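J.: output the structure for:
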Amino acid sequence: MLTRSPFQRLDYRRNLQLAMTQPGSEVVLLQDAVLALQQAPADYQDMVERARNQGINFYALAPDLQARGLDTRAPYPGTRVIEYGEMVDLIVKHGKVL
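T.: Take a look at the predicted model:
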């Protein structure tokens, strides 16, 4: 789970690198992390692309998109917009959340 803006580089970089070491990881963008879907640093986009190529799935929480003025119906390539119930399902599925 990423909660901070992609502009806080150490946080997202460390968490994405950790996800990339774990087969079957899934990344949920929450709070300010959803801002990455609108405009993010190039190095973030590069890391996300490498993670997707490894089969890591990305999700963004709809209420957090709405709270930041982003469209929940817009296509965000490689990222699926989800609601709270789906986030809970992901948490239960993985059992270990970082």
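
J.: show me what contacts the spatially most central residue of the chain?
T.: By C-alpha atoms, centre = their mean, the mean C-alpha position of the chain lies nearest to L29, the distance being 3.3 Å. Neighbouring residues of L29 by C-beta atoms under 8 Å, 6 or more residues apart in numbering: 2, 36-37, 58-61, 64, 79. In short, each C-beta sits where N, CA and C put it, glycine included.

J.: which of those residues fall in helices?
T.: D64 (DSSP state H).

J.: need the contacts of L29 in CSV (columns: pLDDT).
T.: Shown next, in CSV, are the contacts of L29 (pLDDT from 0 to 100):
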residue, pLDDT
L2, 86
A36, 86
L37, 87
F58, 93
Y59, 95
A60, 95
L61, 97
D64, 97
T79, 92
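
J.: closest to T72 out of the contacts of L29?
T.: Set against T72, the nearest of the contacts of L29 by C-beta to C-beta is A60 (8.5 Å).

J.: bridging residues for the closest one?
T.: For A60, the beta-bridge partners are L29, V81 (DSSP bridges).

J.: T21 versus that one, what's the distance?
T.: Using C-beta to C-beta, to the nearest Å, A60 is found at 22 Å from T21.
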